[in-house]
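Novice: I would like the atomic coordinates for the input below:
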Amino acid sequence: MFKKLYNLYINNYHFLYVVFLSIFVVSMPHSRGLLSSSQIALAAFWLLDVNFISKFKKVIKNKALLILLSIFFLHILGFFYTNNFSYALKDLRVKLPLLLFPLVIASSSKLSIKEIKIIITIFSISVFFKTLYGLALITGITGKEVSDFQEISGKMSHIRYSLLLNIIIFSNVYYLLISKSTAEKKTYKLLRWLLAIWLTTFLFILHSVTGWIVFFILIIFTCFYLSLKPNIKYRKLGVIFSLIISISIILYLTFSIKRYYRTDIVDKDNIIMKTKSGNKYSHNFKSNQRENGHFVNLYICHKELSKTWNIVSKIKYNKKDKKNQNIKYTLIRYLSSKNLKKDKEGVLQLSKKDISNIENGLTNYIFENKFAIYPKIYEVLWQIDSYLDGGNPQNHSVTQRFEFLKIAKKIVKENFWFGVGTGDVGDVFTEEYKKVNSKLQTPYRLRAHNQYVTFFITFGLIGFLWFLFAYIYPAIIERKFSDYLFIITFITLSLSMLNEDTTETQMGATIFAFFLSFFLFSNSENKKKATKN
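Specialist: Numbering: from 1, shown residues only. Model (predicted):
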């Protein structure tokens, strides 16, 4: 019995390898527990191969693999001059995907072009089902109220979710417009088109600015890539669409910025000083804070606001809204967004929907339209404007990052050549925040949120330059910078590291290591077909 099972295992090793990879990609978007279990299973399967010696020889001979693996060993090197050994060990555990996936994928039997397509299709379907759960949350079918569409990513970071969506969308675009080796029936092509369109729609519903930026850059790149193809039809379409998309993005951003900066003209000498009830208004002419072009800190009468709001709302004026913000400030900003004075009459002009929006933490009525793009652009511009006007960046996703990078800059200067080591990054950030007496409260005193900066802080200039070399050079060796699937992955990961500590979490490290290795060491239409062990 055992011998039969053993022979079955030997004879079907490559098939089982594809199955284990498929199980892994199915689990990736859904559960951290399943994700960890599938990685352990894949590692065990790889170690139990009877041709392990052959694999070891492959590893030794594969220059690109050894260089890529050095990113993980860089973290081991940083372990020897850290002070916080417990965190360093935890960090090495999180970074294990940087060791596992390059080793497994590069030393296993090559996947055929068809097998790569099957795995990508399985992964696409898995993510599609996750988006259906997100849709159920939005529509309220689950009974759970969603106040922010970023919550539809579940326990996964909405930014990392957006990275997966981009990789899947453009992988499907590859099979629809570029690939010539994997022709499909019209029905399957239609389904792939529908999937790509739906995932694109969901990406915009998700409201990840990082995801949007990656998407538009990949769209422009894809048009440019098509313009280089020998087919004259594709070349013309590529040039035309890249121009149309680029111009459209520029015009929309220009319109949005112009719309945001439209501002009321205020006559300070003739401004109304009292409400209709005879109470005094408070006017702060020094503040530039605006909502939809209307100044927030003009025409405020707290006495009337407090009394009237306590009548129309269950949440009292001096309490917090459902986003844990002081509701009086949410109310003032919301009234300003509708160009209403912050007094009794202003509150009484609010509809039941407006009152509910304020209680839910909406500071501007335009945020009610959760499917629109402009409100997100508005939010980013408002955060920057408020920050430049001296506002506290706390709990503001964009401007908090300015504070993170300010602290990071100081740490880099003090540890320029060799960094602080694998385990000390969090500790040095905590110390530096205390030194500068940062405006951010303790829960918001986070790390750089920029993977390049984090590598610089951890390993210094020398380690940072080595990371860039180990990240880029393997693709040069493998001649992958002409491979569409690899390039879209490389662009996605590279852009994500500008705005996130991509490899500092298990999910981030997994996405980085798996997709980089999968498209780096798998077969492509630019190379000969797969060979087996």
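Novice: Below-threshold pLDDT in the protein: ranges please.
Specialist: 1-11, 142-143, 145-149, 181-183, 230-235, 524-533 (pLDDT under 70).
Novice: which residues in the stretch 201-350 of the chain form strands?
Specialist: 290-291, 294-295 (DSSP state E, counting those that start in this stretch).
Novice: got the contact list for the first one?
Specialist: The contact list for strand 290-291, computed with Cβ atoms under 8 Å, 6 or more residues apart in numbering, reads 263-264, 296, 333-334, 336-337, 363-364, 382, 385. No exception for glycine: its C-beta is placed from N, CA and C like everyone else's.
Novice: That strand pairs with which strands, parallel or anti?
Specialist: strand 294-295 (antiparallel) (DSSP bridges).
Novice: Give me the phi and psi angles of Val420.
Specialist: Here is the backbone geometry of Val420 (degrees, to the nearest 10): phi -110, psi 0.
Novice: can you count the residues close to it?
Specialist: The local packing of Val420 (other Cβ atoms under 10 Å) involves 24 other residues.
Novice: same deal with Ile477?
Specialist: Ile477 has 14 nearby residues by other Cβ under 10 Å.
Novice: For it, which non-adjacent residue is spatially closest?
Specialist: Spatial nearest neighbour of Ile477, chain neighbours left out: Ala64 (4.2 Å); criterion: Cβ to Cβ, 6 or more residues apart in numbering.
Novice: ok, now Lys268?
Specialist: The nearest residue in space to Lys268 (Cβ to Cβ, 6+ apart) is Phe285, at 6.0 Å.
Novice: where does the one you found fall, phi/psi-wise?
Specialist: Per degrees, to the nearest 10, the backbone of Phe285 is at phi -80, psi -10.
Novice: how near is the spatially most central residue of the chain to Thr492?
Specialist: Centrality entry for the chain: nearest residue to the mean C-alpha point is Ile159, 2.0 Å, by Cα atoms, centre = their mean. Applying Cβ to Cβ, to the nearest Å, the value for Ile159 to Thr492 is 11 Å.
Novice: and the longest helix for this structure?
Specialist: For the chain, the helix that runs over the most residues, judged by DSSP state H, is helix 232-260.
Novice: Which other helices and strands does it contact?
Specialist: helix 209-227, helix 374-388 (3 or more Cβ pairs under 8 Å, 6 or more residues apart in numbering; DSSP states H and E).
Novice: Need the CA coordinates for the shortest one. PDB is fine.
Specialist: These are the backbone C-alpha positions of helix 374-388, laid out as PDB (Å, rounded to 0.1, in the frame of the first residue of the first chain):
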ATOM      1  CA  TYR A 374     -13.900  63.100  -6.500                       C
ATOM      2  CA  PRO A 375     -14.700  62.800  -2.700                       C
ATOM      3  CA  LYS A 376     -11.500  60.700  -2.300                       C
ATOM      4  CA  ILE A 377      -9.400  63.300  -4.200                       C
ATOM      5  CA  TYR A 378     -11.100  66.000  -2.100                       C
ATOM      6  CA  GLU A 379     -10.200  64.200   1.100                       C
ATOM      7  CA  VAL A 380      -6.600  64.000   0.200                       C
ATOM      8  CA  LEU A 381      -6.400  67.600  -0.800                       C
ATOM      9  CA  TRP A 382      -8.200  68.600   2.400                       C
ATOM     10  CA  GLN A 383      -5.700  66.700   4.500                       C
ATOM     11  CA  ILE A 384      -2.800  68.400   2.800                       C
ATOM     12  CA  ASP A 385      -4.400  71.800   3.000                       C
ATOM     13  CA  SER A 386      -5.200  71.300   6.700                       C
ATOM     14  CA  TYR A 387      -1.700  70.100   7.500                       C
ATOM     15  CA  LEU A 388      -0.100  73.100   5.700                       C
END
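Novice: Report the buried residues of it.
Specialist: For helix 374-388, the neighbour count (16 or more other Cβ atoms under 10 Å) marks 375-387 as buried.
Novice: what comes into contact with the next helix or strand after that helix?
Specialist: The element immediately downstream of helix 374-388 (helix or strand, assigned by DSSP states H and E) is helix 399-414. The contact list for helix 399-414 (Cβ under 8 Å, 6+ apart) reads 383-384, 386-387, 391, 393-394, 420, 428-429, 432-433, 436, 438-440, 444, 446-450, 453-454, 456-457, 499.
Novice: Apply 6 Å and report the result again.
Specialist: Residues outside helix 399-414 that contact it (Cβ atoms under 6 Å, 6 or more residues apart in numbering): 383, 387, 393, 428, 432, 440, 446, 448-449, 453, 456-457.
Novice: Thanks a lot, catch you later.
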